[in-house]
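[1] pasting the sequence and the predicted model now:
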Amino acid sequence: MYHLVCVNCGTTYPADEILYNCKKCGHLLAVKYHLDTITVTKATWEKRPLSVWRYRELLPVQIEPVSLAEGGTPLYHLKRLGEEMGLPHLYAKHEGMNPSGSFKDRGMTVGVSMALQLKKKSVACASTGNTSASLAVYAAKAGIPAIVLLPAGKVAVGKVAQALMHGAKVISIRGNFDRALEMVHELCLTHGLYLLNSINPFRLEGQKTIGFEALDQLGEIPDRFVLPVGNAGNISAVYKGFLELQEMGFINRLPMMTGIQAEGSSPLVRAIREKLPEVIPELHPETVATAIRIGAPVNAEKALIAIRKTGGLAETVTDTEILQMQRDLARKEGIGVEPASAASVAGIRKLIKEGMIDRDERIVCVVTGHLLKDPETVIKQCEPPIEINADLPSLLYALHL
Ligand code: F0G
């Protein structure tokens, strides 16, 4: 049905070999299906509920999946913001509406199911927060232990709360995410835990369904698909999914894959701008959008291809632009997202101002995580509640009535 293939040297490995990198050259692996043997039709998919598992023929899981009804997230037309920007066809796919409040659940339903399929007894990840929350949730559902490594003091409180409450063993390291990932990778290789960061090629399989769903919801191929980029797994996953649909003859062109990074944490954007063959890691990434505070995106190799091959773009946004868009989405569209998520739409606002994109384009921005993930950043931006005595005159006074 499928095997693993190195994206650099093309070496193939059997599907049940537990590997995170090519044994020959050390580069990333991808899941390769024998698409000519997959006979599913669009009509079959359309009969099923909108969810990750609608597309199960293009997923590697062969057991009953560990599932909490992930995917099936809303695609909103950004009418007001689109009008302001002069973009009549601007949409947001709200991934904050997943079970744990981020798109990571799409990857974890598949990843944790694969852990069971491969007979692994425990799972682990490093995380800027959302991956750890999602892993904790799905490990709980599967009934297996999870270990998560977080950069101390740099994870939004809602995400830590989730990881703790769902019963993961939570370790905070005095170092950044990039270091946490190196450590957990080593731990998994030496101690047999199943690694569920996005270098795990199976996890990305679940995430590609964001693109499939958006296509089904829009009823046509978007011209541009925009994602906030941290480790660059999600943009790579969505691109891979579109390629598969094209190979199966379901679509005849690919959206322009567009990645947005925070200015203080933007090695991928730099590589695209300067036409570098590979990303040069940033040693001290910094941004208010802690979810994408990542200096060495492990999936950069795949993401560079996704952007370059589709004629896409990569752009940075400042923390101020991110927070302004977080407020605008909340107040003008009723869409509550965490800062990293606002980066995709903030990026479009910048690109349209710069004249880099066409006003007629159909644009899908993925907003990746829920507002409540990071309540502290929300509270800091808003006026506090007005506290009054419990009587009507005080209320009228407070309301200037
Ligand atoms: N948006 C949010 C809310 C995220 O949590 C992440 C990544 C991204 C965007 C970027 O996605 O890494 O695939 O490019 N969060 C990871 C984590 C790193 O540990 O939760 P990417």
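    Okay, I see it.
[2] from Ala124, how far off is Lys154?
    Lys154 is 19 Å from Ala124, where distance means C-beta to C-beta, to the nearest Å. C-beta: built from backbone N, CA, C; applies to glycine.
[3] more neighbours, these two?
    Shown here are Lys154 and Ala124; by other C-beta atoms under 10 Å, Ala124 has more neighbours (26 against 17).
[4] how near is the more buried one to Lys47?
    To Lys47, Ala124 is 37 Å away according to C-beta to C-beta.
[5] for the stretch 251-400 of the chain, what spans make up the strands?
    Here the stretch 251-400 of the chain has its strands, by DSSP state E, counting those that start in this stretch, at 256-262, 314-317, 363-367.
[6] what is the first one packed up against?
    Under the contact criterion of 3 or more C-beta pairs under 8 Å, 6 or more residues apart in numbering; DSSP states H and E, strand 256-262 touches strand 224-228, helix 233-247, helix 267-273, helix 300-309, strand 314-317, helix 339-353.
[7] deepest in the core, which of those is it.
    For those, average neighbour numbers computed from mean count of other C-beta atoms under 10 Å are highest in strand 224-228, which has a mean of 30.
[8] figure out how far that one is from the centre of its chain.
    10 Å (C-alpha atoms, centre = their mean, to the nearest Å).
[9] residues touching that strand, excluding its own?
    Under the contact criterion C-beta atoms under 8 Å, 6 or more residues apart in numbering, strand 224-228 has outside partners 211, 214, 234-235, 238, 242, 255-261, 289, 291-292, 312, 340-341, 343-345, 347-348, 357, 361-366, 368.
[10] direction included, what does that strand pair against?
    strand 256-262 (parallel), strand 363-367 (parallel) (DSSP bridges).
[11] dump those strands to JSON lines, plus mean pLDDT, mean neighbour count and distance to the ligand.
    Shown next, in JSON lines, are those (pLDDT from 0 to 100; neighbours: other C-beta atoms under 10 Å; distance: least, C-beta to the nearest ligand atom, whole Å):
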{"stretch": "strand 256-262", "mean pLDDT": "98", "mean neighbour count": "28", "distance to the ligand": "8"}
{"stretch": "strand 363-367", "mean pLDDT": "98", "mean neighbour count": "29", "distance to the ligand": "8"}
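[12] the residue nearest to Val345 when sequence neighbours are not counted pairs with what?
    With C-beta to C-beta, 6 or more residues apart in numbering as the criterion, Val345 has its nearest non-adjacent residue at 4.8 Å, and that residue is Cys365. Per DSSP bridges, the residues bridged to Cys365 are Ala92, Val226.
[13] distance-wise, check Cys365 relative to Pro375.
    Distance from Cys365 to Pro375, by C-beta to C-beta: 23 Å.
[14] with Lys42 instead?
    Using C-beta to C-beta, we find Lys42 at a distance of 41 Å from Pro375.
[15] and what of Lys275?
    Distance, Lys275 to Pro375, using C-beta to C-beta: 41 Å.
[16] so if I had to pick from those two, which one is more boxed in?
    Legend: neighbour count by other C-beta under 10 Å for Lys275 and Pro375, higher for Pro375 (14 against 7).
[17] so the more buried one is in contact with Val160, correct?
    No. Look at Pro375 against Val160 with C-beta atoms under 8 Å: they stay out of range, at 11.7 Å.
[18] any idea how far the residue nearest the centre of the chain is from Ile171?
    Nearest to the geometric centre of the chain sits Asn234, at 4.6 Å (C-alpha atoms, centre = their mean). For Asn234, the distance to Ile171 equals 24 Å [C-beta to C-beta].
[19] how about Ser100?
    From Ser100 over to Ile171 the distance is 19 Å, taken as C-beta to C-beta.
[20] who has more neighbours out of the two?
    Comparing Ser100 with Ile171 by other C-beta under 10 Å, the one with more neighbours is Ser100, at 27 against 17.
[21] is the more buried one in a helix, a strand, or coil?
    Judged by DSSP: H, G, I helix; E, B strand; the rest coil, the three-state class of Ser100 is coil.
[22] got the contact list for it?
    Ser100 makes contact with 130, 133-134, 137, 162, according to C-beta under 8 Å, 6+ apart.
[23] and this protein, what are its domains?
    Residue ranges for each domain of the chain read 1-33, 75-101+203-381, as given by automatic domain parsing.
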